[in-house]
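Undergrad: using only what follows, build the 3D model:
(one chain, ligands or ions: 1)
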Amino acid sequence: MNDEGLIALASEMREKAYVPYSKFAVGAALLAKSGRVYTGCNVENASYSLSVCAERVAIYKAVSEGEREFEAIAVVTEKGVPPCGACRQVLREFGEGIRIIVADVYGKRRIFTLEELLPEAFKAEDLM
Ligand code: THU
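TA: Numbers count the residues shown, from 1 in each chain. Alright, predicted model coming up:
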């Protein structure tokens, strides 16, 4: 799937976001190297700290289906903001090569590498 296809899926997911507290809806679509796509939205909770980001929902869906390698993730918010630090770290767990496509709802797109968003990342090899 190409970038626009991923953005379209992420935009659909953004409509499903459960955000009664922040009202900040996020949608994500993650392309695995297998060619399959896994989607996510943020899901909040009255116990605020239990809320989970759209990106991590997508990653955990994918990994729990056996995926380990990823090509790209599209993230859609109204204003087009890159993933939070926690999600950057979770993305890094599965390799540094992923392309991060950040889109707003007005047609603006930006593309980042993980190295740009999370330089000097803590990673599995650091534990050896
Ligand atoms: N959020 C995401 O889903 N992804 C991010 O990268 C940033 C933050 C969510 C978490 C919470 O539901 C809302 O946005 C406000 O922080």
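Undergrad: what's the neighbour count on residue 32?
TA: Other residues lying near residue 32 total 19 when counted by other Cβ atoms under 10 Å. C-beta coordinates here come from the backbone N, C-alpha and C atoms, glycine included.
Undergrad: and residue 22, how many neighbours?
TA: By the measure other Cβ under 10 Å, the count of residues near residue 22 is 12.
Undergrad: now do the same for it: helix, strand or coil?
TA: Reducing the assignment at residue 22 to three states with DSSP: H, G, I helix; E, B strand; the rest coil gives coil.
Undergrad: is it true that residue 10 touches residue 72?
TA: No. The criterion here is Cβ atoms under 8 Å, and residue 10 misses it with residue 72 at 10.8 Å.
Undergrad: what about these two, which has more around it?
TA: The neighbour comparison of residue 10 against residue 72 (other Cβ under 10 Å) goes to residue 10, with 29 against 19.
Undergrad: what sits against the more buried one?
TA: If you count contacts by Cβ atoms under 8 Å, 6 or more residues apart in numbering, residue 10 has them with 27, 28, 29, 39, 54, 74, 75, 76, 103.
Undergrad: got a list of what the residue nearest the centre of the chain touches?
TA: Centroid-nearest residue in the chain, with Cα atoms, centre = their mean: residue 55, separated by 2.8 Å. With contact taken as Cβ under 8 Å, 6+ apart, residue 55 is in contact with 26, 28, 30, 40, 73, 75, 83, 84, 87, 90, 91.
Undergrad: before we move on, the earlier item: so which of the contacts of residue 10 sit within strands?
TA: Here DSSP state E is the test, and the contacts of residue 10 give 27, 28, 29, 39, 74, 75, 76, 103 as lying in strands.
Undergrad: what is the nearest of the residues you listed to residue 119?
TA: Taking Cβ to Cβ as the measure, residue 119 lies nearest residue 75 of those, at 19.1 Å.
Undergrad: report the separation between the closest one and the ligand.
TA: Applying Cβ to the nearest ligand atom, to the nearest Å, the value for residue 75 to the ligand is 7 Å.
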